[in-house]
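Trainee: Here is a sequence together with a model predicted from it:
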Amino acid sequence: MRYYGSVYRPPSEARSLIVQVTYGCSHNTCAFCSMYKEKRFSIRPLEEVLEDFRIARSVYHHIEKVFLADGDALVRKASELYVILDAVRDLFPECRQVTSYASPSSIRIRTEEELRTLREKGLTMVYMGLESGSDRVLTLMNKGHPAAEIVEMGKKVRACGIALSVTAITGLGGPELLERHALDTAAAFNAMNPEYIGMLTLMVEPETPLYDWVHQGKFQLLTRPQVLEETRLMVEALDSPGSVFRINHASNYLALRGTLNRDRDAMLAEIRRAEEDLGRLRPEAWRGL
């Protein structure tokens, strides 16, 4: 396979065939994100995309999952996405899942008819970053969209039959916005009621505005007890029946998995146990964890 620059994919796409449909991210100015900085956003030539799929067919005898990279495949013309999905179906009849990242902007430019056609042609799920349900946090981090718009686009995707996986980031508002970030993020999840909810813990990456803010003393990171507190507040406020909830990224302090609302109490019990265990340690001990 031929790849340009760094390639990123969700954790659940570890065993997927990854083909770049676009290069980079169409927004790429979030203050916390270091992804795709080495390349400008562009649309990859369609024939190159199709050729990569043909190469993959000649190399791999069985492909069940396909991930369309980079950061925002839905920006492509709908007609070209139809061609790509048709090629996936023709070349890999065994394929049961095709997914991609999506942004509120790329979802907005797609009509409902186009989204339904994409689903009919095999696009089963998109991954969208909410990051926070708090407009104060989203503005601070230059997300580019208010929470209400992100929620609206998430609901649009689901209404057209495409499954939705949404992520947010613990600690993104710092100590000052801890409670607001937790409660507003839960409210946004509840409004979208996505098939999957994923939580990351904020990691400060070099060469980002956030990195500079932290080192200049303009942004304060949460302590580990505060991360657990924020997570507990959010889970307590979640009301999204049927959503699979995951905290399983390498950035997370505590691994959680369950289905809402059925497993909410059990997950809260795990969080409280982690808080109690941490509370028995001296601060100098948990700071190093």
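Mentor: On my side now, so go ahead.
Trainee: gap between the spatially closest residue to residue 15 that is not a sequence neighbour and residue 160?
Mentor: Closest residue in space to residue 15, ignoring its immediate chain neighbours: residue 65 at 6.4 Å, by Cβ to Cβ, 6 or more residues apart in numbering. Where C-beta positions appear, they are placed from N, C-alpha and C, glycine not excepted. As judged by Cβ to Cβ, to the nearest Å, residue 65 and residue 160 stand 21 Å apart.
Trainee: give me the number of residues near the closest residue to residue 171 other than its chain neighbours?
Mentor: The shortest distance from residue 171 to any residue other than its chain neighbours is 3.7 Å, reached at residue 202 (Cβ to Cβ, 6+ apart). Residues near residue 202, counting by other Cβ atoms under 10 Å, number 21.
Trainee: again with residue 120
Mentor: Number of residues near residue 120 (other Cβ under 10 Å) recorded here: 12.
Trainee: With the one 3 residues further on instead?
Mentor: Burial of residue 123, expressed as a neighbour count using other Cβ under 10 Å, amounts to 29.
Trainee: pretty sure it contacts residue 85?
Mentor: Yes: at 6.2 Å, residue 123 and residue 85 qualify as touching, with contact defined as Cβ atoms under 8 Å.
Trainee: and for the two, which residues touch both?
Mentor: In terms of Cβ atoms under 8 Å, 6 or more residues apart in numbering, residue 123 and residue 85 are both contacted by the residues residue 98.
Trainee: can you pull the pLDDT of residue 172?
Mentor: With respect to pLDDT, residue 172 has a value of 97.
Trainee: Could you do residue 282 as well?
Mentor: Value for residue 282, per-residue pLDDT: 59.
Trainee: and if you look at residue 37?
Mentor: 89.
Trainee: what's the nearest residue to it if we skip its chain neighbours?
Mentor: In this structure, residue 37 finds its nearest non-sequential neighbour in residue 207, 6.7 Å apart by Cβ to Cβ, 6+ apart.
Trainee: coming back round to it: measure the residue nearest to residue 171 to residue 81 for me?
Mentor: Counting by Cβ to Cβ - residue 202 and residue 81 are separated by 33 Å.
Trainee: With that, I have no additional questions.
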